[in-house]
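> any chance you can model this:
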Amino acid sequence: MSEFFNAIIEKPLLTSALVLVAVTIVVLGLSLQYYIRDFDTFIQQILAEAHGMIFDIAVIGILIFWLNQNGEIRQRIRTYKDEIDDFRLWESEEAAFRTVGNIKRLNRHKIHEINLVNCYLPRTNLNYVNLSSSNMNSANISQSSLIESNLENARLNQTNFENSNLNQAILKGAYASGANFKDAFLIKAHFENAFLIKANFNNAFLMEADLKGCYVMGADFENASLYKADLRGAKGLTLEQLSKAKTLYLAKFDDDILEQIKVNLPQLVGA
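Residues are numbered from 1 along each chain as shown. Next up, the predicted model:
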């Protein structure tokens, strides 16, 4: 007998069916006198309860569906972040491309604040991604494409962007002290109020870049093209830094430093 009972318990569907049959028999048995005595009124009450049950099922079903969907989305987001952690410091093409894939999936879920510290991402396509407020300190993103990417307020200290394409990228308010932009394309990039202390712009293309209000103490502009770049309000900018640039033609400066440039560096502002 106990074996038979255990066999039934081990089958949830059969157990549920037997419980339903037993409950139905008990309820119908207790209700039989009301069927016989006042059938019409009893049926009306049953129908009223049935409508209430339908409403309860609809509300509970929608709630369960929403909770299930929300839970699945949260789990996927957690998985994407865990995979980025797993690939961190792994210097391989596979790690780079899988990390980029996870970044784009997180973006699709409207997640942009991502921890990419020490991630290896050379030769990857990060065009149009949103990484605003992300922590990308010491990441290797050299020879990559970040056209129109959003890096606003991101932490980019010691990040390597050497020979990367950041044309029209948004780096407003970014913390990029010691970042390497050597040979990078930064045409029409937005650096407004960014921290570029000791950043390396050696041989970089900064044509029409917006560097208003940036902190550029110790930044290296050697052989950099600053054609039509806007450096008004830049903090820590010196004549010595600008003297190493490739060109300052049509670049915008505060009046005091512009006068110094015209007197001391006329060859760089000439046509």
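> show me what contacts the closest residue in space to N203 that isn't next to it in sequence?
Computed as CB to CB, 6 or more residues apart in numbering, the closest residue to N203 that is not its neighbour in sequence is N223, at 4.6 Å. (Glycine included, C-beta is placed from N, CA and C.) Shown in contact with N223 (CB atoms under 8 Å, 6 or more residues apart in numbering): 202-203, 244-246.
> and Y249, by the same measure?
227-228, 268-271.
> just send these back as CSV, with pLDDT, distance to Q158 and secondary structure too.
Shown next, in CSV, are the contacts of Y249 (pLDDT from 0 to 100; distance: CB to CB, whole Å; DSSP: H, G, I helix; E, B strand; the rest coil):
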residue, pLDDT, distance to Q158, secondary structure
Y227, 96, 28, coil
K228, 96, 29, coil
L268, 90, 29, helix
V269, 86, 33, helix
G270, 72, 36, coil
A271, 47, 38, coil
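> of the residues you listed, grab the buried ones for ChimeraX.
To isolate the buried ones among the contacts of Y249 in ChimeraX, judged by 16 or more other CB atoms under 10 Å, type:
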select :227,228,268,269
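> in the contacts of Y249, find the pair that's most separated.
Using CB to CB, those span at most 14.3 Å, a distance reached by K228 and G270.
> thinking again about what came up before, measure the residue nearest to N203 to L268 for me?
12 Å (CB to CB, to the nearest Å).
> overlap in contacts of these two?
Common neighbours of N223 and L268 (CB under 8 Å, 6+ apart) are A245.
> what number of residues lie near A22?
10 (other CB atoms under 10 Å).
> buried ones among the contacts of N223?
202-203, 245-246.
> now stretch 75-94: mean pLDDT?
Mean pLDDT, stretch 75-94: 93.
> hmm, who's touching that stretch?
By CB under 8 Å, 6+ apart, stretch 75-94 touches 95, 98-99, 102-103, 105-106, 109, 111, 114-120, 123, 140.
> list the buried residues of that stretch.
77, 80, 83-84, 87-88.
> quick check: the closest residue to E148 other than its chain neighbours vs A209, distance?
Among residues not flanking E148 along the chain, Q168 sits closest, at 4.8 Å (CB to CB, 6+ apart). Q168 is 10 Å from A209, where distance means CB to CB.
> and for E222?
16 Å.
> out of the two, which sits in the more crowded spot?
Neighbour count, other CB under 10 Å: between E222 and A209, A209 has more, with 30 against 15.
> my read: that one touches L186, true?
Yes. With contact defined as CB atoms under 8 Å, A209 reaches L186; the gap is 5.3 Å.
> now do the residue nearest in space to the middle of the chain, the pLDDT please.
The centroid of the chain falls nearest to H112 when counting by CA atoms, centre = their mean (2.0 Å). Looking at H112, its pLDDT reads 96.
> in three-state terms, label it for me.
Counting by DSSP: H, G, I helix; E, B strand; the rest coil, the backbone at H112 sits in coil.
> gap between it and I103?
9 Å.
> what is in contact with those two at once?
L131.
> how about N163, nearest residue that isn't a chain neighbour?
That would be D183: by CB to CB, 6+ apart, it lies 4.4 Å from N163.
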